[in-house]
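# Here's a sequence, model it:
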Amino acid sequence: QLQLVESGGGLVQPGGSLRLSCAASGFTLDYYGIGWFRQAPGKDREGVACISRSEGSTNYADSVKGRFTISRDNAKNTVYLQMNSLKPEDTAVYYCAAKLLYYCSTYNIAMNYWGKGTLVTVSP
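Numbers count the residues shown, from 1 in each chain. All right, here's what the predicted structure looks like:
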């Protein structure tokens, strides 16, 4: 079964940190670019970070730049999103998605695989 599974979400206070993981099973992530997206209640889904398949170039939304870091460990078939200095407005369900030969040119693109999401809540 081909799937992506996110983990690492939870409740954290403002200013805190979380690390999300996106593990693939049934296929290898080596040839896929990976994006992290989020959707807050009542808002559209937005792309927050992306890492390309090849040299691992990254892209970040302005709202998370300098606070979030995306990385990949192809040996573990996993992509991570380190989130620091979290703010209440970062509260959302976070999804990872994979697209074959994706170089992070845009977040507005059809992805091949999506995870089911993990909830991040930033609150005092």
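# CA only for contacts and neighbour counts going forward, please
Will do.
# For the closest residue to A92 other than its chain neighbours, grab phi and psi.
Excluding its sequence neighbours, the residue lying closest to A92 (Cα to Cα, 6 or more residues apart in numbering) is A40, at 4.1 Å. Main-chain torsions, A40, degrees, to the nearest 10: phi -90, psi 160.
# Next: L29.
phi -80, psi 0.
# and stretch 92-107, how far apart are its ends?
End-to-end distance of stretch 92-107 (Cα to Cα, to the nearest Å): 17 Å.
# What residues of it count as buried?
In terms of neighbour count (16 or more other Cα atoms under 10 Å), stretch 92-107 has its buried residues at 92-100, 102-104, 107.
# Tally up the residues packed near the nearest residue to L2 once chain neighbours are set aside, please.
Spatial nearest neighbour of L2, excluding adjacent residues (Cα to Cα, 6+ apart): G26 at 4.4 Å. The number of residues packed near G26 is 9, by other Cα atoms under 10 Å.
# Next, count neighbours for the residue nearest to S123 when sequence neighbours are not counted.
Closest residue to S123 apart from its sequence neighbours, by Cα to Cα, 6+ apart: Q13 at 5.0 Å. Neighbourhood size, Q13 [other Cα under 10 Å]: 14.
# what are the phi and psi angles of the residue nearest to L2?
Dihedral angles (degrees, to the nearest 10) for G26: phi 90, psi -10.
# Identify the residues contacting it.
Under the criterion of Cα atoms under 8 Å, 6 or more residues apart in numbering, the neighbours of G26 are 1-3.
# Now, of those residues, which are buried?
Using 16+ other Cα under 10 Å as the burial test, those include Q3 as buried.
# residue ranges for the strands of this protein, please.
Along the chain, the stretches classed as strands by DSSP state E are 3-7, 10-12, 18-25, 32-39, 46-51, 58-60, 68-73, 78-83, 92-100, 113-114, 118-122.
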